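K.L.:
The sequence isn't on hand, but the structure is:
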């Protein structure tokens, strides 16, 4: 019975130490990511398609046209506690002054409340003609495995799958591994994104917590063994 107790305590301390080292590793990753975001956001805007590995979180300016009749509705999005949708719209643009063929990119224009999901209920958002937009370059987000499957036939999307969007909308090049989050829009609606990305970073607190728990349990168990040994 004593051996089993020893094994359980050692296993518990080992798990806590592993969690502490994992959080320490996550802390380094998060700090590097925050540094990358801050550095890239403060650079001059790009004016042509990016090099994704180097230019993620850079600001990109493109001139072209929204294709409103092929917009995507991302469900379960919130703004100031209110539920709604993100409106994601294909954008056609020429990649350089000598390019004569349109390229396409998905632009997350921002949040609308539920009653404005359908285009007919927000005609003021359907900008026609050539426009210059500004957005932050983002990689395709990893899918949360707990999210439901997208329902393209009903235009209800729970995660942004660029390859699926390209196939569903029958628009080429959308499968490229990035999209834009629109910022600095002159329109009040949809509600666009702030030009500052703030990421929570609690990994240091978690690291300290796991290591302190491992130290506390180890100390208490050693104290218990010493007390029992000296009494005997």
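P.N.:
Thanks, I have the structure now. Everything numeric in this text was worked out from a predicted model, so none of it was measured.

K.L.:
alpha carbons only for contacts and neighbour counts from here, please
P.N.:
Will do.

K.L.:
Off-centre distance for stretch 137-156?
P.N.:
12 Å (C-alpha atoms, centre = their mean, to the nearest Å).

K.L.:
Residue numbering should commence at 14 henceforth.
P.N.:
All right, first residue 14 from here; so that's stretch 150-169.

K.L.:
Look up how far residue 175 lies from residue 186.
P.N.:
Taking C-alpha to C-alpha, to the nearest Å as the measure, residue 186 falls 9 Å from residue 175.

K.L.:
for the chain, which helix is longest?
P.N.:
Scanning the chain for the helix with the most residues, using DSSP state H, yields helix 15-54.

K.L.:
since we're on residue 171, how many residues are nearby?
P.N.:
20 (other C-alpha atoms under 10 Å).

K.L.:
ok, it to residue 86 distance?
P.N.:
Residue 171 is 9 Å from residue 86, by C-alpha to C-alpha.

K.L.:
Sort out which residues of the helix or strand of the chain with the lowest mean pLDDT are buried, please.
P.N.:
Least confident helix or strand of the chain, by mean pLDDT, DSSP states H and E, is helix 65-68 with a mean of 75. Using 16 or more other C-alpha atoms under 10 Å as the burial criterion, the residues of helix 65-68 that qualify are residue 68.

K.L.:
For residue 89, which residues are in contact?
P.N.:
Listed by C-alpha atoms under 8 Å, 6 or more residues apart in numbering, the contact partners of residue 89 are 96-98, 171.

K.L.:
Just the buried residues of those residues.
P.N.:
Neighbour-count burial (16+ other C-alpha under 10 Å) is assigned, among the contacts of residue 89, to 97-98, 171.

K.L.:
mind giving me the domain split of the chain?
P.N.:
As recorded under automatic domain parsing, the domains making up the chain are 15-47+216-244, 58-196.

K.L.:
if you compare those, which one is most tucked away?
P.N.:
Burial of the domains of the chain is given as mean neighbour count (mean count of other C-alpha atoms under 10 Å); domain 58-196 ranks first at a mean of 17.
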